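S.K.: give me a 3D structure for the following:
(one chain, ligands or ions: 1)
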Amino acid sequence: MKKIPYGRQTILEEDIEAVVKVLRSDFLTQGPEVTAFEQMVAEYHGARYAVAFSNGTAALHAAYHALGVVEGDEIITSPMTFAATANGAVYCGARPVFADIDAATNCICIEQISGLVNEKTKVISPIAFAGYTVDLKAIREIADEKGCSVLYDAAHAIGSKRDGTFGMEYVDAAIFSFHPVKHIAAGEGGMVVTNREDVYKKLLLFRTHGITKDPQLLEKSDGGWYYEMQSLGYNFRITEMQCALAISQFRRLEDNLRRRNQIASIYEEELKNTDSIGLPPSVGYQILTEDSASVRDLHAYHLYTITAQNGEKRKQLYEYLHENGIMAQVHYVPVHLHPFYRDRFGYSAGDCPVAEDFYARELSIPMYHGMSEEDQEYIIDVLKKF
Ligand SMILES: Cc1ncc(COP(=O)(O)O)c(C=O)c1O
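M.R.: Next up is the predicted model:
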């Protein structure tokens with residue numbers, strides 16, 4: 001039986017050629033493709049600086065570090081995310097504090113944030129869950145009032161917009177992931193975008209062992225070969241091949257977003273009268289038809305998340321879809337419920353009831369821009385039969 005994944009990359013001949021070209025060039029890492037990719041992504045999102053990383057998790061780790069998160073700090077995030085959003089802060093020695101989600105958006109509940117901020121809180125880290133853009137303006141207001149930074153996990157939301165903007169004016173930094181289920185598939189890859197020069201400089205050092213050769217930063221000069229390790233960093237670099245692949249795909253981002261929006265509108269139309277299936281929030285969102293410049297609110301639709309009436313029904317639906325070759329997935333096990341978070345930080349079931357209820361009933365059905373019309377019809381048929 002044919003298997004339809006919940007998400008997958010589309011690789012065209014032009015992508016393969018772009019990678020092969022790099023293989024014949026002088027640089028496999030730290031070359032012109034990395035810089036070009038950083039510039040493209042920064043420009044598209046209205047950011048002054050961009051630093052590419054080996055993956056989105058490394059980008060998060062670097063961003064928390066660059067925003068000054070250290071041992072003893074706290075950050076506030078959503079439990080309805082991939083563990084990496086919180087892990088990045090744990091790597092820096094911080095305690096992640098979870099605000100519950102808002103059932104209307106499946107993103108962080110903004111009303112809860114203020115009550116969780118204390119003198120240890122350094123960063124608020126919202127996530128655009130599934131590609132639904134969270135209200136960054138409202139979060140910025142809280143952050144300014146409380147003296148915190150905002151780190152936007154936009155791993156699901158490349159190219160998205162709310163009120164006509166991606167939101168760089170409201171955040172200290174944002175991150176992307178280029179894992180194959182995301183819009184831009186580099187194999188592995190990540191990026192931080194920021195408007196803050198101080199953050200940018202720290203990101204550059206962190207990506208490559210804390211080492212610099214920049215004459216303006218060196219404490220002394222011994223000669224052309226000289227470099228200094230000024231802080232503790234990592235090897236979090238991305239390769240030229242990954243960036244060439246990412247650039248080639250980034251050129252098709254608008255097509256990608258358009259197709260995902262089209263798939264979402266077909267699901268919505270076909271499933272809206274199916275009592276037993278809840279649809280994802282799309283209120284206030286416009287369907288992208290032409291070019292994204294004309295659209296003020298743009299859902300990136302990394303995932304298409306439906307909900308069953310209860311946990312038992314979700315399990316039955318998951319199994320029925322898999323028996324029929326539809327590889328639906330659950331996003332996500334709430335982060336605070338993982339054994340590591342329970343044991344290290346003392347979290348337990350009941351801490352975030354809205355997220356826990358969503359987790360119990362959620363299923364992500366296939367959503368990727370290369371999905372054929374026939375495959376989507378088949379998925380809808382199977383769902384209706386269930
Ligand atoms: C919301 C979110 N943040 C961060 C990441 C981490 O990205 P990566 O897999 O590139 O390390 C992911 C990836 O699954 C994600 O979905």
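S.K.: list the contacts of residue 246.
M.R.: By C-beta atoms under 8 Å, 6 or more residues apart in numbering, residue 246 lies in contact with 37, 178, 184, 185, 186, 189. Just so you know, the C-beta spots here come from the backbone N, C-alpha and C atoms, and that holds for glycine as well.
S.K.: wait, a helix at the first one?
M.R.: Yes. Applying DSSP: H, G, I helix; E, B strand; the rest coil, one finds residue 37 inside a helix.
S.K.: dump the contacts of residue 246 to JSON lines, plus pLDDT, secondary structure and distance to the ligand.
M.R.: Conversion of the contacts of residue 246 to JSON lines gives the following (pLDDT from 0 to 100; DSSP: H, G, I helix; E, B strand; the rest coil; distance: C-beta to the nearest ligand atom, whole Å):
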{"residue": "37", "pLDDT": "98", "secondary structure": "helix", "distance to the ligand": "15"}
{"residue": "178", "pLDDT": "98", "secondary structure": "coil", "distance to the ligand": "7"}
{"residue": "184", "pLDDT": "98", "secondary structure": "coil", "distance to the ligand": "11"}
{"residue": "185", "pLDDT": "97", "secondary structure": "coil", "distance to the ligand": "10"}
{"residue": "186", "pLDDT": "97", "secondary structure": "coil", "distance to the ligand": "9"}
{"residue": "189", "pLDDT": "98", "secondary structure": "coil", "distance to the ligand": "7"}
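S.K.: for the residue most central in space within the chain, give me phi and psi.
M.R.: What sits nearest the mean C-alpha location of the chain, by C-alpha atoms, centre = their mean, is residue 155, with 1.1 Å. Comment: the main-chain dihedrals of residue 155 come out as phi -60, psi -30, following degrees, to the nearest 10.
S.K.: any idea how far it is from the ligand?
M.R.: Distance of residue 155 to the ligand, given as C-beta to the nearest ligand atom, to the nearest Å: 3 Å.
S.K.: same check on residue 277?
M.R.: 23 Å.
S.K.: how about residue 16?
M.R.: 22 Å.
S.K.: that residue: which element?
M.R.: If you go by DSSP states H and E, residue 16 is part of helix 13-23.
S.K.: buried residues in stretch 98-111?
M.R.: The neighbour-count check on stretch 98-111 (16 or more other C-beta atoms under 10 Å) flags 98, 99, 100, 101, 102, 105, 106, 107, 108, 109, 110 as buried.
S.K.: how deep is the residue of the stretch 201-350 of the chain found nearest the ligand tucked in, by neighbour count?
M.R.: Residue of the stretch 201-350 of the chain nearest the ligand, by C-beta to the nearest ligand atom: residue 302 (7.6 Å). Neighbour count for residue 302, taken as other C-beta atoms under 10 Å: 27.
S.K.: check which helices and strands the helix or strand bottoming out on mean pLDDT in the chain is in contact with.
M.R.: In the chain, the helix or strand scored least confidently by mean pLDDT, DSSP states H and E is helix 253-271, which has a mean of 93. Using 3 or more C-beta pairs under 8 Å, 6 or more residues apart in numbering; DSSP states H and E as the contact definition, the elements that helix 253-271 packs against are strand 304-307, helix 373-385.
S.K.: residue of the protein nearest the ligand, please.
M.R.: For the chain, the residue positioned closest to the ligand under C-beta to the nearest ligand atom is residue 56, at a distance of 2.5 Å.
S.K.: nearest residue to that residue in space, please, no chain neighbours.
M.R.: Closest residue to residue 56 apart from its sequence neighbours, by C-beta to C-beta, 6 or more residues apart in numbering: residue 177 at 2.9 Å.
S.K.: for that neighbour, give me its contacts.
M.R.: Applying C-beta under 8 Å, 6+ apart as the definition, the contact partners of residue 177 turn out to be 55, 56, 57, 59, 155, 189, 190.
S.K.: please report phi then psi for the closest residue to the third one other than its chain neighbours.
M.R.: The one in question is residue 57. Closest residue to residue 57 apart from its sequence neighbours, by C-beta to C-beta, 6+ apart: residue 84 at 4.2 Å. Dihedral angles phi and psi of residue 84 (degrees, to the nearest 10) take the values phi -60, psi -30.
S.K.: in the stretch 1-150 of the chain, which spans are strands?
M.R.: 4-5, 49-53, 74-77, 95-98, 121-125, 149-153 (DSSP state E, counting those that start in this stretch).
S.K.: residue 219 in helix, strand or coil?
M.R.: With three-state DSSP as the basis, residue 219 sits in coil.
S.K.: gap between it and residue 18?
M.R.: Shown here: residue 219 relative to residue 18, a distance of 40 Å by C-beta to C-beta, to the nearest Å.
S.K.: so those two - more neighbours on which side?
M.R.: Taking neighbours as other C-beta under 10 Å, residue 219 and residue 18 compare with residue 18 leading, 20 against 6.
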